[in-house]
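S.K.: kindly return the folded structure for what I paste below:
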Amino acid sequence: MVFYFTSKVVDPPITLFMGLDKYENEDLIKWGWPEDVWFHVDKVSSAHVYLRLNPGQTLDDIPMSVIEDAAQLCKANSIQGNKMNNVDIVYTLWSNLRKTPGMDVGQVGFHNDKEVRKIRVEKRNNEIVNRLNKTKEEKTERDLRGEREERDRKEREKDRKEGKERQRREKEEMERRKKEAELRSYSSLFASDNMKSNREVADEDSDDFM
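M.R.: From the prediction side, this is the model:
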């Protein structure tokens with residue numbers, strides 16, 4: 001089971017989601033999107049919380065109010081972290097998560113530690129947690145897989161269209177260059193250096209009879 005929450009601190013609202021336990025966390029890792037941002041309490045067990053960026057957005061584009069919502073959701077869903085003050089929440093892009101065969105269920109590492117960011121949470125903010133919990137909805141692992149497959153299908157279709165458009169532009173550019181080359185060749189036939197006056201032609205003709 002995967003839980004979905006709506007953060008309305010921005011307009012339009014942003015969806016946050018997390019797994020029920022480590023097995024759902026594993027599904028989230030498996031079926032994540034390149035646009036997903038992963039949040040976790042640093043150094044202790046917690047839920048894996050995600051948010052989904054719009055295409056072209058980066059970590060720098062996430063409003064701090066949304067980061068705070070995701071961080072509070074992480075802390076509230078950590079047995080140890082929920083009891084602690086001044087905990088760090090780490091976050092990074094899904095594409096930076098590293099999963100190897102020897103890792104435990106739900107465990108991840110990073111491809112590049114420099115791409116991992118932190119936010120300090122001093123204490124649990126019940127106002128934020130309660131607001132998010134009121135928006136909670138449930139979905140299954142099948143929904144995760146279906147959403148990822150649909151996303152990939154649209155990406156392939158987009159790539160095909162962009163490829164056709166690129167080929168069309170390349171063909172037009174080749175035709176344009178070909179026409180320009182033909183015009184240059186045609187123009188050279190009538191260049192001033194290759195032209196002769198009527199007098200010059202007449203003089204040449206008279207020389208033939210001398």
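S.K.: can we go C-alpha only for contacts and neighbour counts from here?
M.R.: Noted.
S.K.: in the protein, where is pLDDT below threshold?
M.R.: The model of the chain has pLDDT under 70 over residues 141-142, 188-210.
S.K.: tell me the domain boundaries of the chain?
M.R.: 2-139, 141-191 (automatic domain parsing).
S.K.: chain center to the last one: distance?
M.R.: What it means is domain 141-191. With Cα atoms, centre = their mean, to the nearest Å as the basis, domain 141-191 stands 22 Å off its chain's centre.
S.K.: check stretch 13-33 too.
M.R.: Put simply, stretch 13-33 sits 17 Å off its chain's centre (Cα atoms, centre = their mean).
S.K.: how about that stretch: buried residues?
M.R.: 14-19, 21-22, 24-29, 31-33 (16 or more other Cα atoms under 10 Å).
S.K.: picking up where we left off before, tell me which of the domains of the chain sits most buried.
M.R.: With neighbours taken as mean count of other Cα atoms under 10 Å, these reach their highest mean count in domain 2-139, at a mean of 17.
S.K.: quote the end-to-end distance of that domain.
M.R.: One end of domain 2-139 to the other measures 5 Å (Cα to Cα, to the nearest Å).
S.K.: over to stretch 52-67?
M.R.: First residue to last in stretch 52-67 (Cα to Cα) measures 12 Å.
S.K.: who's in contact with that stretch?
M.R.: For stretch 52-67, the external contacting residues (Cα atoms under 8 Å, 6 or more residues apart in numbering) are 7, 9-10, 14-16, 33, 35-37, 92-93.
S.K.: next step: those residues restricted to strands.
M.R.: Among the contacts of stretch 52-67, the members found in strands (DSSP state E) are 7, 14-16, 36-37, 92-93.
S.K.: show me where the chain has strands.
M.R.: Applying DSSP E to the chain gives strands spanning 2-7, 14-19, 36-41, 49-52, 87-93, 97-98, 109-110, 117-121, 137-139.
S.K.: can you map out the helices along this structure?
M.R.: 22-30, 64-76, 126-133, 141-189, 198-208 (DSSP state H).
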